[in-house]
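K.L.:
Give the three-dimensional model of this entry:
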Amino acid sequence: MKNIKLTPRAIVKFFSIIMLSMSFAVYGQITYYVDDDTGDDTRTPAEAQNPATPWLTIQHAINSVISGDIIMVAPGTYPEQLTVNKSITLRGATWNINKNGYPVPANYAWDDNVESIIDCPPAVTNLIIIENLSDFTVEGFVIQALYRDNNNQNNLIRLAAITASIDNAIFRNNVIGPNTNIIDQDGTKGRMNIDIYITWADYGMTNSLITGNKIFDSKGNGDNIFIFGSYQVFAYSNSAPMHGSFIEDNEIYGSHRTGLEIAGEVDGLVIRNNKIYDN
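P.N.:
Below is the predicted model:
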């Protein structure tokens, strides 16, 4: 048998290939499909990789995939409360369209043959909940609540860094709003459109991006964007870190309170080139 001598470079390359193969096994990038018309949550993950045999609900897709995967959500209406707890991409039908100047239909009657609409079900508080998570993207959705009955944690998007920092979070090209009661609004029904809760100074939201969104019509007791930073009443003297994070190129309007509010201290956040008006 002929002896084979491996050079140091060959050894490094060999183990690099092994590690890369292992990483694909743990951290995938497979695309799965969700459709409210043709979907079925009893389908297997293999079937849901085909747009002809999608899953029915977004939350089932989140529960079924692994970090690194992409969930493509077809046009439709999805009355779901979502908990995003994996580093994934959630991609709606209009993910590649900047929502600045995007026309809003009368009575928020979006065409769900065009839009992927996450619509708040009755009695739900926070519509999309993301805590202590990094490396995720949400893009191309209409995210709304039309029938709020109070302001008790009734946020459209709740981002919280409680036991770990949020890093590389991307919200891009979404319509975020309204958050209201379209039948009976007295200024108390609904809370924040985006609630960023980083009150513990040890944790923050870094290297993140909120861009290309229409964030509008938070008509209850809340803001279109609210950032709750480090607060001395909780005995934290340092600012909550937001280094490398940008809120830019968004259209922000129509809030009952303010377009963008920061309470407490944050450090490193850049806010630029937004259109903020009529709040």
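K.L.:
Around the residue lying closest to residue 81 once chain neighbours are set aside, how many other residues sit close by?
P.N.:
Distances taken as C-beta to C-beta, 6 or more residues apart in numbering place residue 124 nearest to residue 81, at 4.6 Å, with adjacent residues excluded. Placement of C-beta: from N, CA and C, glycine included. If you count neighbours by other C-beta atoms under 10 Å, residue 124 ends up with 14.
K.L.:
Assess the claim that residue 137 and residue 86 are in contact.
P.N.:
No: the criterion here is C-beta atoms under 8 Å, and residue 137 misses it with residue 86 at 11.7 Å.
K.L.:
From residue 265, how far out is the residue nearest to residue 81?
P.N.:
Residue 124 sits 31 Å away from residue 265, going by C-beta to C-beta, to the nearest Å.
K.L.:
try residue 158
P.N.:
Counting by C-beta to C-beta - residue 158 and residue 265 are separated by 20 Å.
K.L.:
Of those two, give the one with the bigger neighbour count.
P.N.:
Counted by other C-beta under 10 Å, residue 158 and residue 265 do not tie: residue 158 has more neighbours, with 21 against 16.
K.L.:
Is the more buried one in a helix, a strand, or coil?
P.N.:
Here residue 158 is recorded as strand under DSSP: H, G, I helix; E, B strand; the rest coil.
K.L.:
for the closest residue to residue 274 other than its chain neighbours, what are its contacts?
P.N.:
Using C-beta to C-beta, 6+ apart and skipping the chain neighbours, the partner closest in space to residue 274 is residue 250 (4.8 Å). Residues near residue 250 by C-beta atoms under 8 Å, 6 or more residues apart in numbering: 100, 210, 211, 212, 213, 214, 215, 274, 275.
K.L.:
Give me the most central residue, this structure.
P.N.:
Residue closest to the average C-alpha location in the chain (C-alpha atoms, centre = their mean): residue 138, at 4.1 Å.
K.L.:
did I read that right, that residue in a strand?
P.N.:
Yes: applying three-state DSSP, one finds residue 138 inside a strand.
K.L.:
The closest residue to it other than its chain neighbours: how many residues sit nearby?
P.N.:
Excluding the flanking residues, the one nearest residue 138 by C-beta to C-beta, 6+ apart is residue 90, at 4.9 Å. The number of residues packed near residue 90 is 25, by other C-beta under 10 Å.
K.L.:
Over to residue 166?
P.N.:
Residue 166: 27 surrounding residues under other C-beta under 10 Å.
K.L.:
just residue 109 next, same as before
P.N.:
8.
K.L.:
Tell me how far the residue nearest to residue 81 lies from residue 153.
P.N.:
Counting by C-beta to C-beta, the separation of residue 124 from residue 153 is 10 Å.
K.L.:
Residue 214 too?
P.N.:
Using C-beta to C-beta, we find residue 214 at a distance of 23 Å from residue 153.
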